[in-house]
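S.K.: Sharing a sequence plus its predicted fold:
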2 protein chains.
Amino acid sequence: MRVLIVEDEMELADTVALGLRREGMAVDVAYDGVSGEEHLEANAYDVLVLDRDLPGVSGDEICKSLASGGSPVRILILTASTGIEEKVAGLGLGADDYLGKPFAFIELVARIRALARRLEARVGPKLMVDDVTLDPATHQVHRAGRPIDLTRKEFAVLEYLLLASGSVVSSEELLEHVWDDSADPFSGVVRVVMSRLRQKLGPPSVIQTLSGVGYRIADDR
Amino acid sequence: MRVLIVEDEMELADTVALGLRREGMAVDVAYDGVSGEEHLEANAYDVLVLDRDLPGVSGDEICKSLASGGSPVRILILTASTGIEEKVAGLGLGADDYLGKPFAFIELVARIRALARRLEARVGPKLMVDDVTLDPATHQVHRAGRPIDLTRKEFAVLEYLLLASGSVVSSEELLEHVWDDSADPFSGVVRVVMSRLRQKLGPPSVIQTLSGVGYRIADDR
DNA sequence: ATCGCTTGTTGCAGGGATGTTACAAGGCCC
DNA sequence: GGGCCTTGTAACATCCCTGCAACAAGCGAT
């Protein structure tokens, strides 16, 4: 899951970014509105964590222009003010959720998760296909009832495939959503992670390759 | 938008229902869990507003059973408790959002809106003729509901034919648009790809040949 | 029916795409 | 700061897509 944080309090921004990375998300940070908009143009983020009170371009403006532009980014607004009126105003602006500072980190994570969850693949709190289940909340993966240890990247890739619910996902798309800016498009990391994932998941194979197109979770019938 | 409210405090339930109807939504109300489940079975709701503390069948149970049943309903949980832990637990249960009582009515509406907006988001435009569908976004092709794996070239050719929507397409035109400069006009590649395409699509034949003219997708009636 | 042209099918080889493994660098936790 | 784990790089092995070529089959006209 690819997240952009736009927040001028650098310390807060970095702390949140670090925490989210530990959760396995691919996180980029922008410390002001202008830079934020540049990032938004350059990359396909799933979730935008947006400070409402920014110097320069305000959070409200960014929010409005995204909403009117039909962007698929889900927006979570952070703000110092906690009044209900404020909340509603924020939601009316096109934001998808709203969180008043100070907030507990765990709540932020839960909210981001809820925002990113997609409709089709959702089977309760867990994602499952065939005999593979993945629980985003606890970071646990099971195959045929047996627990499987995955690293953050492996987990993120599997989660993305499951969220795509059987659609084909190209390595470019994976790079876009599971890795952050620093990823090298030509490195073939995806191939490597995919290989390790398949080994850990074991046979029978759940991840199919369509040569020249991408990967997908088996959703045969 | 179709909404179901399951809430045992009748006054609250009715007030909310009234307000939502004013917003143009189609609203049903159930005052207990059993009745709520009946409604859920009988109708296809977009959003479920669910009280967590219900007499009889609890909100949690409803939530869980919906989630495990793969229902597409978006769930917003209402509750007296506002603690963060509760919220996280609620979201983990498969709910999509969470609102603690007391809440401002306008906020509830805004939340439901946000949920519904997420719902509409996806579903790319598909191309379809007869019982063949092609989704350009996910690179997927189905014939009579069954998924069919195509290579890049095969996919591109089929897509071009479908875009022509029943009109005749010559081999020259295909070479021109599906292949690049390096293609040899005399090689007969089109014939080859066409053959493999037809084999994968299987009978009854969807691609017709007009001798001396070109190919077209069956556009039967 | 036969001829000539167009189209369909199949085997094969080259090359690009993908899978695998070993290794190095960097982060994280103690 | 040390040790472990994770992540990415590089090199190599393997797969399979693609286009070619040769041949078979279809079609229309005489």
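M.R.: Good, I have the coordinates. These figures come from a predicted structure and were not determined experimentally.
S.K.: who in chain A is up against DNA strand C?
M.R.: Taking CB under 7 Å from any atom of the strand as the contact definition, chain A meets DNA strand C at A:18, A:21-22, A:171, A:188, A:191-192, A:194-196, A:198-199, A:209, A:211-214. Glycine gets a C-beta too; all of them are placed from N, C-alpha and C.
S.K.: Let's see that with 6 Å instead.
M.R.: A:188, A:191, A:192, A:194, A:195, A:198, A:209, A:211, A:212 (CB under 6 Å from any atom of the strand).
S.K.: is the helix or strand harbouring the fourth one up against DNA strand D anywhere?
M.R.: When elements are defined using DSSP states H and E, residue A:194 is found to belong to helix A:189-201. Yes: residues of helix A:189-201 contacting DNA strand D under CB under 6 Å from any atom of the strand: A:189, A:192.
S.K.: Next SSE downstream of that helix?
M.R.: Once the chain leaves helix A:189-201, the next helix or strand it forms, by DSSP H and E, is strand A:207-210.
S.K.: ok, and for that following strand, which residues are buried?
M.R.: In terms of neighbour count (16 or more other CB atoms under 10 Å in any protein chain shown), strand A:207-210 has its buried residues at A:207, A:208, A:210.
S.K.: Partner strands of it, with direction?
M.R.: Here strand A:207-210 has these sheet partners by DSSP bridges: strand A:214-217 (antiparallel).
S.K.: and the closest residue to residue A:190 other than its chain neighbours, what does it touch?
M.R.: Leaving aside its sequence neighbours, residue A:190 sits nearest to residue A:171 (CB to CB, 6 or more residues apart in numbering or on different chains; 4.1 Å). By CB atoms under 8 Å, 6 or more residues apart in numbering or on different chains, residue A:171 lies in contact with A:190, A:191, A:214, A:215.
S.K.: Check these for burial and list the buried ones.
M.R.: By 16+ other CB under 10 Å, the contacts of residue A:171 give A:190, A:214, A:215 as buried.
S.K.: Check those residues against chain B and report the nearest one.
M.R.: residue A:214 (6.9 Å; CB to the nearest CB).
S.K.: now that closest one: how far from DNA strand D?
M.R.: According to CB to the nearest atom of the strand, to the nearest Å, residue A:214 and DNA strand D sit 12 Å apart.
S.K.: likewise residue A:73?
M.R.: 22 Å.
S.K.: Can you show me the strands along chain A?
M.R.: For chain A, the strands defined by DSSP state E cover A:2-6, A:26-30, A:47-51, A:74-79, A:97-100, A:122-123, A:126-129, A:132-135, A:140-143, A:146-148, A:207-210, A:214-217.
S.K.: export the third one as PDB, just CAs?
M.R.: What it means is strand A:47-51. Provided in PDB are the C-alpha atoms of strand A:47-51 (Å, rounded to 0.1, in the frame of the first residue of the first chain):
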ATOM      1  CA  VAL A  47      -3.900   6.900   0.600                       C
ATOM      2  CA  LEU A  48      -3.000  10.600   1.300                       C
ATOM      3  CA  VAL A  49      -2.500  11.600   4.900                       C
ATOM      4  CA  LEU A  50      -3.000  15.400   4.700                       C
ATOM      5  CA  ASP A  51      -2.400  18.100   7.200                       C
END
